[in-house]
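[1] no FASTA, just this:
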């Protein structure tokens, strides 16, 4: 065989994630590996828990990274909180609500779907009606920041409704964590999962999660065993749950955890509110540029995630060809649509380290040039200046 | 808050894993992150599949790394191959057979346990009897290389017996892959999982797996849905299964996959048989040193894994204190016993990059010094020379 070492090109990652990883994080990840039960490593884990609580705005004792991607974090929430026969109300306004339904059903529960149009926020009135129609529901699940469409939902109102009806709340915050206000304790979210590869600018592969006391009580008083050994919180508590002695559960992904630790140190240095404000500012500039070009946002104003900007592909434009040229000639990655939106939208991420003035101007300039060369129906030559005006 | 960047000490990792990671792999992992659907990344994935087939000695099309630790690879094998009501024969001779039982039961199956003493190989005669007594069994599961004791079992004979009785075979090769002969196709193993943090000297966090055609047929003809969305092979095939177009399933742990790619390039460069021979040679030297000191191996000769050497703690010695001194004063990690063997044995790993003459001599010298200082009942001052003689 003659396979050689892999040397990737340097891309600017402005899709739905992974976003460009801060070089400080890449360097931290390459530090020497420790054993996963080494006391020095355990100290690092404790620091990480403190910093994750800061990022989530929570005092939840059980706040930790799952040793697998966000999909596994989602599955951890469902397999632990849902028992066979349980009814779960799932608010769906994009791809990830559909994945939640799969998780409910595979956990032996039944899902009551509350559907909203893709690209809009979850409508609390529909949820209220579903809660009234299903007084036996035990859990409400929703996506705070729909990565497939770029819509943000009102987590506080959704959680309050769920609690009024005695339900626990599962929230997907994969794309919101560190990019948009997320107040786990104030909003009383019970089981929350996220990802590392979005607004934390860390490598993909981990899923930060946090669980309220009510959620832990639900888990520890289950009648049936959690169907997943790997994701059983009762077992994982022995490793991440605190105390000086860690019980072996699985081998932690040591170096990826170094990366997340560094990502959280960087978040602390900037300050959470400053990070939110930076994401908002760069969104405002990108938006000014898009609007000047004549590109239309998919999500109505007021329901838009600043870190994920979904715009409609102009009439007659081959959207895949545009992405391909951006990738090959500009080393710039933007995202395609998922599911029902495939072929119809682009998703432009401004997440974490990648949420910068440089990237906003670069992306607008590149997109303007590519679309103009294809004679797309846009107003060319004005986007970059419109964005620059926002920074002045 | 005042949490600073984490700078780990440089340890020599000679426990049960993670083993010391080759610096080439750490460097490769820190290369710039690509999107998980980037065509360049997809090419790297294809190369990885080729190299994993080489490491496993298989032509199985479905050979890939699971995006989570070995425990998740184990769970993938069980949740896909076991349906509710299925009977599974589990051969247990250490900790990991017990974990297999948990996986069978959580998948809705029933486990028939074939027990052997911890520290010995699986006895094929006991398995034969269990197969005869349970003609309705559908799967036989066993651990090729028991990481908790350092015993290797005769995978070829176990698999042949299982197939004679119409069972599929699940094999745990977490510690054997790249360290001891492992011939997936020749031995006809159906579902095989491993880890990256042992004899591949890669970072922890991934689980290479390979599935035979018979295993895939079992999965694709299941009556019930696989209970895990994250680990459902029917879904994962769309991403890893080949073809030029990858379907999005979850966000791959891009940089950790760079690390595994590099680990496999290194394995190719050395050659698989040379890697096995190196592990055997270093084991022979370590063994000569241990025996010269008077330390007793836990596992009978002929059933010992060269890469994981379990020895009994000498009478009257505080085993935890020894490990603590080695860690603090020598930056050397060796492993404790697990489960029933906690407090009674040490596990000394010689895995991958850490399986070297330097490490053998360093470990023997350090252990000799620490045990002598504690006035342990050993023969001091002879171990290092005994090992050196093996290398001459």
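    That came through, no problem. All values reported here derive from a predicted model rather than from experimental measurement. Residues are numbered from 1 along each chain as shown, chains lettered A, B, ... in the order given.
[2] To what extent is the closest residue to residue A:115 other than its chain neighbours buried, counted in neighbours?
    Closest residue to residue A:115 apart from its sequence neighbours, by CB to CB, 6 or more residues apart in numbering or on different chains: residue A:92 at 5.4 Å. All C-beta spots, glycine's among them, are computed from the backbone N, C-alpha and C. Neighbours of residue A:92 under the rule other CB atoms under 10 Å in any protein chain shown: 22.
[3] Check whether residue A:92 really touches residue A:100, as I assumed.
    Yes - under the criterion of CB atoms under 8 Å, residue A:92 makes contact with residue A:100 at 7.4 Å.
[4] May I ask which helix or strand of chain A has the lowest mean pLDDT?
    helix A:233-240 (a mean of 84; mean pLDDT, DSSP states H and E).
[5] what helices or strands is the helix or strand following that helix leaning on?
    With elements assigned by DSSP states H and E, the helix or strand that comes after helix A:233-240 is helix A:254-270. Applying 3 or more CB pairs under 8 Å, 6 or more residues apart in numbering or on different chains; DSSP states H and E, one finds that helix A:254-270 contacts helix A:23-29, helix A:39-56, helix B:254-270.
[6] Buried residues, the longest one. List them.
    Right, helix A:39-56. Using 16 or more other CB atoms under 10 Å in any protein chain shown as the test for burial, helix A:39-56 gives A:41-42, A:44-45, A:47-49, A:51-56.
[7] Quick check: closest non-adjacent residue to residue A:212.
    Of all residues not flanking residue A:212 in the chain, residue A:190 sits nearest, at 4.4 Å (CB to CB, 6+ apart).
[8] do the same with residue A:186
    Spatially, and ignoring its direct neighbours in sequence, residue A:186 is nearest to residue A:57 (6.8 Å; CB to CB, 6+ apart).
[9] Please convert the buried residues of helix A:39-56 to CSV, extending it with distance to chain B and pLDDT.
    As requested, the buried residues of helix A:39-56 are arranged in CSV below (distance: CB to the nearest CB, whole Å; pLDDT from 0 to 100):
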residue, distance to chain B, pLDDT
A:41, 7, 96
A:42, 12, 93
A:44, 5, 96
A:45, 10, 94
A:47, 5, 97
A:48, 9, 97
A:49, 11, 96
A:51, 6, 98
A:52, 11, 98
A:53, 10, 98
A:54, 7, 98
A:55, 11, 98
A:56, 14, 98
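[10] what's the closest of those to residue B:9?
    Using CB to CB, the shortest approach to residue B:9 within the buried residues of helix A:39-56 belongs to residue A:41, at 10.1 Å.
[11] Now that closest one: closest residue in space that isn't a chain neighbour?
    residue A:34 is the one closest to residue A:41 (CB to CB, 6+ apart), at 4.4 Å.
[12] for the spatially most central residue of chain A, helix, strand, or coil?
    Nearest to the mean C-alpha position of chain A, counting by CA atoms, centre = their mean, stands residue A:174 at 1.8 Å. Under DSSP: H, G, I helix; E, B strand; the rest coil, residue A:174 falls in the coil class.
[13] For residue A:184, give its distance to residue A:97.
    Between residue A:184 and residue A:97 the distance is 20 Å, computed by CB to CB, to the nearest Å.
[14] Show the contacting residues for the closest residue to residue A:135 other than its chain neighbours.
    The shortest distance from residue A:135 to any residue other than its chain neighbours is 7.1 Å, reached at residue A:165 (CB to CB, 6+ apart). By CB atoms under 8 Å, 6 or more residues apart in numbering or on different chains, residue A:165 lies in contact with A:131, A:132, A:135, A:137.
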